[in-house]
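Novice: Below is the sequence, then the predicted model.
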Amino acid sequence: MKIVVVGAQWGDEGKGKMVDWMADSAEIVVRFSGGANAGHTVIADGKTYKLHLVPSGIVAPGKVAVLGSGMVIDPAALFDELDQLEKDGVNWKGRVWVSDRAHLVLPTYKALDQEMETQSRVPIGTTGRGIGITYALKAHRDGVRVGDLFVDSCWDHLRPAEKEFLAPFRERLHPLVIDLVAFMRQNSQKNILFEGAQGVLLDLDYGTYPFVSSGYSAAGGASLGGGVGPRHLDKVFGVFKAYSTRVGNGPFPTEFKEGSVLGERLRLVGQEYGVTTGRPRRTGYLDLVALRSACWTNSLDGLIVTKMDVYDDFDEIQVCTAYRIRGRLVEDFPGTVADLETAEPVIRSFPGWKTPLGSVRRWEDLPQKARDYLSFIEEYSQTPISVVSVGPDRDQTLVRKSPWTRS
Ligand code: IMP
């Protein structure tokens, strides 16, 4: 089977934990988009792993991890991450591969990324990792691909400073490079997990443009960046948090007002600080209008909700079920920032369950109030919740229906 996992909000939904958990039944995990702007946390056997480029499936022993064609890779960051994994006891050799079609992030791109942000008409709050510039040069057909390092005519075209930076990585990268299309065709009978980065609302096309990242975070990117045609993908799952967060600038209709006690509490209990930049994340309650839109644009077969336990002590839990925009009731996620910025959320409240969920392992054992909250989300989004995560550890996962079930 081939399963795609995407973030259904603005990134940071807990995809790292869920990909690591789902990798149990996969042989190969392919990251199909993004670069070192992403930050995925995996906690396994009491150890915490912070990943930016390497697919989260790497932590599970024996799994093959592939950096796909849709990625943009800073080779210095990649080898720092691989060296750190080795120090942490993860034996990655022989099971990490890099697509020859992935693009390389060069040091000048990072500097340019930050410089352009300061001059931009609308600063978006980029992570400054050179992601936007690399994708822009790719579209401009002036990028440097991983495979170019090993083709003399391409290497010869590089500027002296580029060669100087890349030379030490040529030798280290060489044994890892694959033709992803051929690799996927040869492995077509295996269970493969396609791991997205960021979240649907940061997708270049479906996100809150221009406050988006530059890759394809939506599920459609799994095919383009993962080396398979769209009909090879069997199922798509969307990971979302029981509430919402966003880092960087851009509209966020359900954001708690600045100084809100609930917003600060959510940040503290949920440890909502960026893995890549350490920036405090903006916090808000769940936006069902946005979630339902993500279900549609990604053909989600099922939802995976994370961080339910963060709400354990809350008296009341709110969700947004529509927006009021210039007096009009809107139930579809608007395509413009102007509409989103004026959107006043229509709120529905649920009583908190006031019970620790961390040790619950079965849907039936969830408090009724927690089930009511989740059932409402399912009903509204018309998408079943397949998995509920009630804590950071692998085993703090409640499976209603395994994502690897075919029907
Ligand atoms: P860039 O991709 O680094 O240029 O950042 C563009 C926008 O996407 C900024 O608002 C970032 O904060 C946001 N962003 C990029 N990657 C992630 C991520 O992995 N999680 C959450 N936000 C992200």
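Specialist: Yep, that arrived. Residues are numbered from 1 along each chain as shown.
Novice: Around the residue of the chain found nearest the ligand, how many other residues sit close by?
Specialist: Nearest to the ligand, among the residues of the chain, is residue 248, at 2.0 Å (C-beta to the nearest ligand atom). No exception for glycine: its C-beta is placed from N, CA and C like everyone else's. Close neighbours of residue 248, defined as other C-beta atoms under 10 Å, add up to 21.
Novice: can you check residue 186 too?
Specialist: 11.
Novice: likewise residue 183?
Specialist: Quick note: residue 183 (other C-beta under 10 Å) scores 18 neighbours.
Novice: That one belongs to a strand?
Specialist: No. The assignment for residue 183, made by DSSP: H, G, I helix; E, B strand; the rest coil, is helix rather than a strand.
Novice: now it: how far from residue 146?
Specialist: Residue 183 is 13 Å from residue 146, where distance means C-beta to C-beta, to the nearest Å.
Novice: cool, residue 10 as well?
Specialist: 29 Å.
Novice: between those two, which one's more packed in?
Specialist: Counted by other C-beta under 10 Å, residue 10 and residue 146 do not tie: residue 10 has more neighbours, with 30 against 24.
Novice: Now do the same contact list for the more buried one.
Specialist: By C-beta atoms under 8 Å, 6 or more residues apart in numbering, the residues touching residue 10 are 198, 199, 201, 202, 244, 245, 246, 247, 250, 252.
Novice: chain center to the lengthiest strand in the chain, what's the gap?
Specialist: As assigned by DSSP state E, the longest strand anywhere in the chain is strand 316-325. Distance, stretch centre to chain centre, for strand 316-325: 24 Å (C-alpha atoms, centre = their mean, to the nearest Å).
Novice: close to the ligand, is the helix or strand of the chain with the lowest mean pLDDT?
Specialist: Least confident element among the helices and strands of the chain, by mean pLDDT, DSSP states H and E: strand 40-44 (a mean of 90). No. Contact of strand 40-44 with the ligand (C-beta under 6 Å from any ligand atom) is absent, the minimum separation being 7.9 Å.
Novice: That strand pairs with which strands?
Specialist: strand 47-51 (antiparallel) (DSSP bridges).
Novice: average pLDDT for the strand it pairs with?
Specialist: Confidence for strand 47-51, expressed as mean pLDDT, is 93.
Novice: Quick one: mean pLDDT over the helix or strand following that strand.
Specialist: Sequence order places strand 64-67 as the next helix or strand after strand 47-51, per DSSP states H and E. In this model, strand 64-67 has an average pLDDT of 98.
Novice: for strand 64-67, packing partners?
Specialist: strand 28-31, strand 96-99 (3 or more C-beta pairs under 8 Å, 6 or more residues apart in numbering; DSSP states H and E).
Novice: one step back: wasn't the residue of the chain closest to the ligand part of a helix?
Specialist: No. Read with three-state DSSP, residue 248 is coil and lies in no helix.
Novice: Give me the spatial nearest neighbour of it, chain neighbours excluded.
Specialist: residue 125 (3.0 Å; C-beta to C-beta, 6 or more residues apart in numbering).
Novice: what about that neighbour, is that helix, strand or coil?
Specialist: Going by three-state DSSP: residue 125 is coil.
Novice: which residues sit in contact with it?
Specialist: Residue 125 makes contact with 117, 211, 247, 248, 249, 250, according to C-beta under 8 Å, 6+ apart.
Novice: Out of the helices and strands packed on strand 64-67, the one nearest residue 155 is which?
Specialist: With distances scored as C-beta to C-beta, the stretch of the helices and strands packed on strand 64-67 nearest to residue 155 is strand 96-99 (16.9 Å).
Novice: Now do the closest one: which elements does it pack against?
Specialist: strand 64-67, strand 177-178, helix 180-186.
Novice: can you redo the ones you listed as a markdown table with distance to the ligand?
Specialist: Formatted as a markdown table, these follow (distance: least, C-beta to the nearest ligand atom, whole Å):
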| stretch | distance to the ligand |
| --- | --- |
| strand 64-67 | 15 |
| strand 177-178 | 24 |
| helix 180-186 | 22 |
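Novice: Mind checking these for the one nearest to residue 263?
Specialist: Taking C-beta to C-beta, strand 64-67 is the member of the helices and strands packed on strand 96-99 nearest to residue 263, at 35.6 Å.
Novice: thinking residue 48 is in contact with residue 39, fair?
Specialist: No. Contact between residue 48 and residue 39 fails when scored by C-beta atoms under 8 Å: they sit 12.0 Å apart.
Novice: neighbour count winner among the two?
Specialist: Per other C-beta under 10 Å, whichever of residue 48 and residue 39 has more neighbours is residue 39, with 20 against 10.
Novice: Is residue 47 bridged to anything, and to what?
Specialist: Per DSSP bridges, the residues bridged to residue 47 are residue 44.
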